[in-house]
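A.B. asks: Let's see this in three dimensions:
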Amino acid sequence: MIGNIHLAESNGAARVKDGTELVKPLNTVAAQTDACNNVKQYVLEAIRDEQELYNMEQYAIDYAHSIGLVAPMPDQPMGTFSNIVAVPPPITLLPSPFPLELYEQAVDVQQQLSELYFRIASDHQFLMDSFKDVIKTDPFMARLVQIAKLVHDEGVHQPLAMQLQRSDYMVQLEPLDGTLALKQVEVNIGPLGGPGFATGISKLHRKMLDKVAIVREGRLAMLANAFAPVDRSRQGLAYALYESWKLFGDPKAILLFLGTPGILHFEQLQFFQFEVEKLGKKDGHLVKVLSLTFVEASKRMSLDETGDFSLYIDGTKRVALVQITDGNVPDEFPTEREWTARTMMERSTAILSPNIRFQLSCTKKIQQLLAKPGMLERFIPNNNSKLMDQLRSTFTGLWGLEEDDQATEEVIEAAIRSPGNYVLKAQLESGLGNFFDEEVAEMLQKLSKQDRAAYILQQRINPLVVKNFMMRQMKPAQMEDVVSEMGIYASLIGNQFTGQILHNSVAGYTIRSKPSKLNQGGVDSGGGTVDSALLFPTAEMLEAKLI
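C.D. replies: Sure, this is the predicted structure:
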């Protein structure tokens, strides 16, 4: 440890910027001309034949198991824990190339972005105005808005709010001049996929680069200017959970995780639990953590309406903090009981991650409104023009469809003519309700003027394509043309009554990569892989032409 620079897995040079750490992948790089002089497909030079690929694949699997980069294998009975088979998640064999300056841009704006969404979530009237047309045809959003209004009218009983945020970006290859630009895909608050795996894949990929250095005897000249970010998002986000639990002020109160059965949220909930318990032990606190599905919790939850509005599980376990991973899409509310439970949580003194105001703030509708002229100035104090320019430069074209005017009709007609240039998005998470290619035209022609208010149109990103080996569970690694989506993790704790921010930190990052031919590639929903970044100067990536 040198200051806050950790070099345990690498003897290479390191640099720290804004709390993030970058390490050199190789100790020394001999001057030479690589057979493949193209940083976007450096993996072809790192692994040159089938035998090397097989050896590296086995090495990666063994190391993944040794560091706990595993999760329960999908589609197996979960009743008997002793019989669960654990395997590495779908991963890339090596880190994918990513432009260094664009990574740094995403990190630079993140704290301001976290504060922006905190201010939005604290502005009740703005939220109500934003969804006035959406709720006419979207019953799920209408119920969320109804709860938010009920809680506001009754009076919020917990001023403290916590947001765990992941801001997602892709690298746009500008069609006119071939330059690279950072473009925002969406902002997620609350149920964040990836932080547990992100820390593990970062460690695995640094180990794989060490192995490449051994195999290539340090001779890989194209990596001379590359850096590998060290990820600690697991620890950073768990710290925010722990601090929120402490701020509640009752050491006997529990931390409740609401998780969805049968998906890869193991990597979020369990890793978070272990980190929170570790932090508590260092402070002399024994943090009680309980994990339940939303349906199960709804049966065991109660609210002390005649007292201080404490939230309880089983009538005796007072809840300090709820991390809500389950209960965010319509299918997770099968009966009215789940809606009653969500309302109870919102009316209680428990700190919610996220509370319903944050859930509304990170929808596609708010993302679209923020791209309108003058909207950032409404929420960003001190009118920091440089930061606002950096934020605005990441926005794609975004259009609301609720207006019955010429401008709206023109953008709809353009999307029907060229649907491949747009994505139609509903107000749902995890890629649900997204429409691509001919589906865009079909939906726009089918939707009534009132129904289309529940959607936004987003300009489709023309992504940078690189090469990598993708390793899926129980299958051999395959070379693919891939596109990567980078998420920056952050946490914020604030008082929504006073506007005071108590904690605001960038926690780490994740990369999720998918084959370039797929429209969507979630790791759990299929096609996507857990990845990390190997950062190259943008100039080097501009010079490299993908063959």
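A.B. asks: for the stretch 1-150 of the chain, what spans make up the helices?
C.D. replies: In the stretch 1-150 of the chain, the helices defined using DSSP state H, counting those that start in this stretch lie at 43-46, 50-66, 100-121, 124-130, 139-154.
A.B. asks: Tell me which other helices or strands the last one touches.
C.D. replies: Using 3 or more C-beta pairs under 8 Å, 6 or more residues apart in numbering; DSSP states H and E as the contact criterion, the secondary-structure elements in contact with helix 139-154 are helix 124-130, helix 336-347, helix 356-361. Where you see a C-beta, it was placed from the backbone N, CA and C, and this is true even at glycine.
A.B. asks: Please work out the average pLDDT along stretch 245-265.
C.D. replies: Here stretch 245-265 scores 84 as its mean pLDDT.
A.B. asks: do stretch 404-424 as well
C.D. replies: Across stretch 404-424, the average pLDDT comes to 92.
A.B. asks: Over to stretch 230-238?
C.D. replies: Mean pLDDT, stretch 230-238: 92.
A.B. asks: May I have that stretch as PDB, with CA atoms only?
C.D. replies: Taking C-alpha atoms only, stretch 230-238 is exported to PDB below (Å, rounded to 0.1, in the frame of the first residue of the first chain):
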ATOM      1  CA  VAL A 230      -8.900  -1.300  -9.900                       C
ATOM      2  CA  ASP A 231     -12.600  -1.700  -8.800                       C
ATOM      3  CA  ARG A 232     -13.800  -1.600  -5.200                       C
ATOM      4  CA  SER A 233     -17.500  -0.900  -5.900                       C
ATOM      5  CA  ARG A 234     -18.500  -3.800  -3.600                       C
ATOM      6  CA  GLN A 235     -16.800  -2.200  -0.700                       C
ATOM      7  CA  GLY A 236     -17.800   1.400  -1.600                       C
ATOM      8  CA  LEU A 237     -21.500   0.700  -1.900                       C
ATOM      9  CA  ALA A 238     -21.600  -1.500   1.200                       C
END
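A.B. asks: what residues does that stretch touch?
C.D. replies: Contacts to stretch 230-238, defined as C-beta atoms under 8 Å, 6 or more residues apart in numbering, come from residues 6, 20-23, 164, 192, 194-196, 198-199, 201-203, 206, 271-272, 275-276, 279, 489, 491, 505-510, 532.
A.B. asks: For the chain, which residues score under the pLDDT cut-off?
C.D. replies: Low-confidence segments of the chain (pLDDT under 70): 1-20, 26-37, 75-83, 260-269, 383, 429-432, 521-526, 543-547.
A.B. asks: Residue ranges of each domain in it, please.
C.D. replies: Domain ranges of the chain: 1-99+160-229+464-547, 397-460, per automatic domain parsing.
A.B. asks: Please enumerate the strands of the stretch 201-350 of the chain.
C.D. replies: Ranges of strands in the stretch 201-350 of the chain, per DSSP state E, counting those that start in this stretch, are 228-230, 254-258, 289-292, 301-303, 311-313, 317-324.
A.B. asks: Pull up the gap between Met344 and Asp308, please.
C.D. replies: Using C-beta to C-beta, to the nearest Å, we find Met344 at a distance of 14 Å from Asp308.
A.B. asks: Look at these two and report which has more neighbours.
C.D. replies: A side-by-side neighbour count of Met344 and Asp308, using other C-beta atoms under 10 Å, places Met344 first with 19 against 10.
A.B. asks: Show the contacting residues for the closest residue to Pro515 other than its chain neighbours.
C.D. replies: Spatial nearest neighbour of Pro515, excluding adjacent residues (C-beta to C-beta, 6 or more residues apart in numbering): Glu480 at 4.9 Å. Contact analysis of Glu480 by C-beta under 8 Å, 6+ apart lists Lys467, Asn468, Phe469, Met470, Pro515, Ser516.
A.B. asks: if we go to 7 Å?
C.D. replies: Going by C-beta atoms under 7 Å, 6 or more residues apart in numbering, Glu480 touches Asn468, Met470, Pro515.
A.B. asks: Checking the second one next. Helix, strand or coil?
C.D. replies: Under the three-state scheme (DSSP: H, G, I helix; E, B strand; the rest coil), Met470 adopts strand.
A.B. asks: For it, name its beta-bridge partners.
C.D. replies: The partner list for Met470 in beta bridges (DSSP bridges) reads Thr92, Gln478.
A.B. asks: Does it touch Gly528 like I think?
C.D. replies: No. Assessed by C-beta atoms under 7 Å, Met470 is found out of contact with Gly528, at 9.2 Å.
A.B. asks: was I right about Ser491 contacting Leu502?
C.D. replies: No. Counting by C-beta under 7 Å, Ser491 sits too far from Leu502 to count as a contact (10.8 Å).
A.B. asks: When the two are compared, which one has more neighbours?
C.D. replies: Taking neighbours as other C-beta under 10 Å, Ser491 and Leu502 compare with Ser491 leading, 24 against 14.
A.B. asks: So the most centrally placed residue in the chain: helix, strand or coil?
C.D. replies: Central residue of the chain (C-alpha atoms, centre = their mean): Arg166, 3.7 Å from the mean position. Following three-state DSSP, Arg166 is assigned to strand.
A.B. asks: ok, the closest residue to Gly68 other than its chain neighbours - how many residues close by?
C.D. replies: Nearest in space to Gly68, with sequence neighbours left out and distances taken as C-beta to C-beta, 6+ apart, is Gly200 at 6.6 Å. For Gly200, the count of nearby residues is 24 (other C-beta under 10 Å).
A.B. asks: just to revisit the earlier point, who has more neighbours out of Met470 and Gly528?
C.D. replies: Gly528 (24 against 21).
A.B. asks: Please report the distance of that one from Gly68.
C.D. replies: When C-beta to C-beta is the yardstick, Gly528 and Gly68 sit 21 Å from each other.
A.B. asks: Same check on Thr179?
C.D. replies: Separation of Thr179 from Gly68 (C-beta to C-beta): 40 Å.
A.B. asks: what sits against Leu464?
C.D. replies: Shown in contact with Leu464 (C-beta under 7 Å, 6+ apart): Val171, Leu173, Leu180, Val483.
A.B. asks: run the last query once more with 8 Å
C.D. replies: With C-beta under 8 Å, 6+ apart, Leu464 has these contacts: Lys40, Pro99, Met170, Val171, Gln172, Leu173, Leu180, Val483, Ser484, Met541.
A.B. asks: ok, these vs Gln458, which is closest?
C.D. replies: Closest approach to Gln458 among the contacts of Leu464 (C-beta to C-beta): Met170, at 11.6 Å.
A.B. asks: before we move on, back to that, and among the helices and strands packed on helix 139-154, the most buried is which?
C.D. replies: helix 356-361 (a mean of 26; mean count of other C-beta atoms under 10 Å).
A.B. asks: I'd like to know which elements that one is packed against.
C.D. replies: Going by 3+ C-beta pairs under 8 Å, 6+ apart, helix 356-361 lies up against helix 100-121, helix 124-130, helix 139-154, strand 160-173, strand 180-189.
A.B. asks: Dump that helix to CSV, keeping only the CA atoms.
C.D. replies: Provided in CSV are the C-alpha atoms of helix 356-361 (Å, rounded to 0.1, in the frame of the first residue of the first chain):
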residue,chain,number,x,y,z
ILE,A,356,-40.3,5.9,-4.2
ARG,A,357,-39.2,9.5,-5.1
PHE,A,358,-35.8,8.2,-6.2
GLN,A,359,-37.5,5.4,-8.1
LEU,A,360,-39.5,8.0,-10.0
SER,A,361,-36.5,10.2,-10.6
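A.B. asks: ok, and what's touching that helix?
C.D. replies: By C-beta under 8 Å, 6+ apart, helix 356-361 touches 117, 120-122, 124, 127, 130-131, 144-145, 147-148, 151, 161, 163, 189-190, 328, 342, 346, 366, 496.
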